[in-house]
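Asks: What follows is a predicted structure for the sequence shown.
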Amino acid sequence: MHVTRQGGGWRSAASRLWRLSVNPVTFVVLTIGWCVDLAGGSIAAYFDDPQFWQKMDAYPFNLWLKQVAPGTFPLSLWIYILVALSYLMVLSLLFCTINWFLKRRKHLKGFGEVLVHLGFLLIFAGFVGGSAFGNRSTVVLDQGRAVPVEGMGISLKLQGFDAVQSPQGRPLDTVSDLAVFAGDRKIAQGMVRTNHPLIKGSMVIYPPDDYEYGVTGGVLGTSTSGVLTVRAGQDAPLRDGRTLSIGGVLQEGQRRGAALGPGILLLIRDRAGRPSGSVYLSNAPGMQSAAQLGGVRVTLGQLLDATRGVYRVHYDPGVWLVIVGSVILALGTVWALAGFLGIIKDPEKDTAI
Amino acid sequence: MIKTTLILHNLSLVFYTLAAAGSAAAVFLRRVPPLAGRLAALAGVAAQVVLLALRWNAGSHLPVTGLFETQHFLALWVAAIAVYFSFRYRADSFLPAAMLLAVVSLLFAGKGPMGVAPLTPAIDTPLFLIHVATSFAAYGLFGIAALLAVYRTFGLPGSPLANERRMMDESLYTGYILFTWCMIAGSLWAYLAWGSYWTWRIKGLWSWILWFYYSGVLHVRTRPRWQGWPINALALAGFVLVLFTYLGLGLLFSTSHPLLPVD
């Protein structure tokens, strides 16, 4: 008798736990906790470090959680709580969905909402898969050279590049002709531009975050320091401690005021790094290729040019689950809306109000 | 185009103000027939539809880019739903508040540049247009739900009590579904344009907060214990969240969704 009562107790406890799990209010309570945690945490993280999110986006989530989050503890505590609440919410949704199939197999009332649940569960599964097994990498590609992508067993080659600009010369977009190799075998090729990445299975390659295209610097003859090379981001030191640097470039055919491209805007900086003079030098017809700058005579020898882009490569094995989940979720909303509008048309059927 | 835009913008402002005044007079003073307010609101809706159609034609894309167009879209949605409610549920007492919300939205729209700008490559995709159109439609519906909550809470005179619950239900349900489409289109667009359907950025995170919040609201909206003040409070708090996500983050934080174009 005693054993029977214990078994009954367990069954009763399990039954109560199941009812609690499938109760929509459980999901709502978890949701409120999730929202409060994310709201507070996101604002605290923003004010602690405005670059917090960019740093987080540079890693697959699991890797960030393992390698970076412990270093920012206790500020990152809210993310651990968020993860725990997310799993509890998903469990609640899963049990609720299973419960629907157990209880309502004979008619389709609420099937739209169940599709929404299923879609969300797939999206979550895809996110977890992508976070655990995904990879993110950044590669710098010089035109014509193949570069291996770390941790992905492939290499990328920039075969062609074009910078798209407005008639006024404002940079608008870039078009890159990229090829993907596995060993010596070419496995994909395509033109990459904004909103049109190169997709190969679960791997996606995005247009450059940063690029150099055309004139990037020049070789200069100077009256005090001999021949110097100056490039964007790479200054040239003069013997007296001052430096020459690139203040801007104009490409072939570009014009700004009286200046015609191709050419470079050369800055001279004092020892403290402050600009103390500038001159535009160009080999274009009618433009000056030599000038006095801060007491130094500078002569433009040749212009240097480069074609180079910084590309992001993402491998996310969960992304197709996410896409399928999104489609199912969208279908579920359409189904649910159709059912809801049916209720609206006949108020007598609306028992919920 | 700017001259036509300005004329139609001001016309819709005038019509919505007249609709607010007319419907208030009809409900509270009973000196004007309710139809007057409805017709003025309809005229405002028509002016806005013409304005947005002309801009669609001029820009060759759905006019939902920039502060001016998105606020117009929001006002149009709010006004159209209010007109629908006034005809379907005779909710004329609701028109003054809804029209005032539309007027505020239009005044805010006037702060943005009125020229028709070409799409930059990053937003030159149907996913962006779906994303923005559905989000502002959803914001409008959540705003309507919050106004209805105020009516229900304070029992404003002339309030059609029998239908308020139904109107709120329609606003919350369809608003949530539109916001879901907004999230799906936005995530897919982010995947194609920036490499990830999910980014840890404050605007995106707060959008997820909104989505989960209204998921919760939908789960309890028909449960007996949550009727009355709890559902009213949830609808009001939801719109506060909407305002913070849209305006608060845009004004106080550096986000991926700036309120005004960044040059």
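Replies: Now that the structure is in, tell me what you want to look at.
Asks: Surely B:Arg221 touches B:Ile231?
Replies: Yes. The pair B:Arg221 / B:Ile231 is scored as a contact, 5.9 Å apart, by C-beta atoms under 8 Å. Yep, even glycine has a C-beta here, placed from its N, CA and C like the rest.
Asks: what's the distance between stretch B:2-12 and the middle of its chain?
Replies: Its chain's C-alpha centre lies 20 Å from the corresponding centre of stretch B:2-12 when counted by C-alpha atoms, centre = their mean, to the nearest Å.
Asks: Contact residues of the stretch 151-263 of chain B facing chain A?
Replies: Within the stretch 151-263 of chain B, the positions lying close to chain A (C-beta under 8 Å from any C-beta of the partner chain) are B:165-166, B:169-170, B:173-174, B:177, B:180-181, B:184, B:187-189, B:191-202, B:205-206, B:208-209, B:212-213, B:215-216, B:219-223, B:253-254.
Asks: If any of the residues you listed are buried, put those into a PyMOL selection.
Replies: To isolate the buried ones among those in PyMOL, judged by 16 or more other C-beta atoms under 10 Å in any protein chain shown, type:
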select buried, chain B and resi 165+166+169+170+173+174+177+180+181+184+187+188+189+191+192+193+194+195+196+197+198+199+200+201+202+205+206+208+209+212+213+215+216+219+220+221+222+253
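Asks: average model confidence for stretch A:92-101?
Replies: Average pLDDT, stretch A:92-101: 89.
Asks: Stretch A:140-150 now?
Replies: Per-residue pLDDT over stretch A:140-150 has a mean of 90.
Asks: Please see if that stretch touches chain B.
Replies: No. On the criterion C-beta under 8 Å from any C-beta, stretch A:140-150 is out of touch with chain B, staying 13.8 Å away.
Asks: how about the helices of chain B, start to end?
Replies: B:2-24, B:34-59, B:66-89, B:95-109, B:126-154, B:161-194, B:202-220, B:229-243, B:249-252 (DSSP state H).
Asks: List the buried residues for the third one?
Replies: So the one you mean is helix B:66-89. Neighbour-count burial for helix B:66-89, with 16+ other C-beta under 10 Å as criterion, is recorded at B:66-83, B:85-86, B:89.
Asks: Could you do the fourth one as well?
Replies: Buried positions in helix B:95-109, judged by neighbour count with 16+ other C-beta under 10 Å: B:95-106, B:108-109.
Asks: Also the first one?
Replies: Across helix B:2-24, burial judged by 16+ other C-beta under 10 Å covers B:5, B:8-9, B:11-13, B:15-24.
Asks: what's the answer for stretch A:189-208, then?
Replies: For stretch A:189-208, burial by neighbour count (16+ other C-beta under 10 Å) applies to A:190, A:192-198, A:200, A:202-208.
Asks: cool, and stretch B:219-238?
Replies: Of the residues in stretch B:219-238, B:His219, B:Val220, B:Arg221, B:Thr222, B:Trp226, B:Ile231, B:Asn232, B:Leu234, B:Ala235, B:Leu236, B:Gly238 count as buried by neighbour count, 16+ other C-beta under 10 Å.
Asks: now, which of these sits nearest B:His131?
Replies: B:Gly238 (20.0 Å; C-beta to C-beta).
Asks: And that closest one, how close does it get to B:Arg201?
Replies: Relative to B:Arg201, B:Gly238 is positioned 22 Å away (C-beta to C-beta, to the nearest Å).
Asks: Look at A:Thr299 and give its secondary structure.
Replies: Secondary structure, DSSP: H, G, I helix; E, B strand; the rest coil: A:Thr299 is strand.
Asks: Tell me both backbone torsions, phi and psi, for A:Asn283.
Replies: Note on A:Asn283: backbone dihedrals following degrees, to the nearest 10 are phi -100, psi 10.
Asks: Just to check, it is in contact with A:Leu300?
Replies: Yes. Applying C-beta under 8 Å, one finds A:Asn283 in contact with A:Leu300, separated by 6.4 Å.
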